[in-house]
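>>> could you work out the structure for the sequence below:
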Amino acid sequence: MAAFCYPLFLLLYMTTEANVQVPARGDQLAVIGEFITGAAQSAGLNKRAIYQVQTAVDEACANIIYHAYAYEGQGPIELRCECRQNDFVVTITDYGTPFDPDSVATPDINAGLDERKEGGLGTYLMRCLMDEVRYQFTGAANILTMVKHIRAER
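Residues are numbered from 1 along each chain as shown. The predicted model follows:
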């Protein structure tokens, strides 16, 4: 499956929604980053908020590539960015192995490196960077929705 990326000039005119689908491969993280950055800029987020959204999306997509699809690129990652009133909403869909982020314990970030349990830091990071993080498994698809409020950004 070939990667499709919206040209940046189209994102600048995003009114309510922008979409992209890429193969679940590590080399597509840069394409995803450019797409998210362009969509967040066109939504009016400031540099700090754009960085937070881009970091959260990068973490989520890396988890999809490495865990849901087990590094094999056996499916797509679909991203949708929307402006809903005062929210910038990113929806990420994959068809890999289901994962429930609520099943992961919050990591003890105050513990020493040698005392920390493996896993959970990416989910924790996404929750810290975004205003809302919701997960849904439909039976066929994993759907991760992350929201960044943009009231103060405009």
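>>> distance of the spatially most central residue of the chain from A140?
Residue closest to the average C-alpha location in the chain (Cα atoms, centre = their mean): V57, at 2.5 Å. From V57 across to A140, the span is 22 Å (Cβ to Cβ, to the nearest Å). Where you see a C-beta, it was placed from the backbone N, CA and C, and this is true even at glycine.
>>> swap in A68?
For A68 relative to A140 (Cβ to Cβ), the value is 13 Å.
>>> likewise R134?
Applying Cβ to Cβ to R134 and A140 gives a distance of 18 Å.
>>> repeat that for H67.
17 Å.
>>> between these two, which has more neighbouring residues?
H67 (15 against 8; other Cβ atoms under 10 Å).
>>> surely the more buried one meets F99?
Yes. With contact defined as Cβ atoms under 8 Å, H67 reaches F99; the gap is 6.4 Å.
>>> contacts only, for the residue nearest to P98 when sequence neighbours are not counted.
Nearest residue to P98, sequence neighbours excluded (Cβ to Cβ, 6 or more residues apart in numbering): F137, at 4.7 Å. F137 sits next to 98, 100, 143 when contact means Cβ atoms under 8 Å, 6 or more residues apart in numbering.
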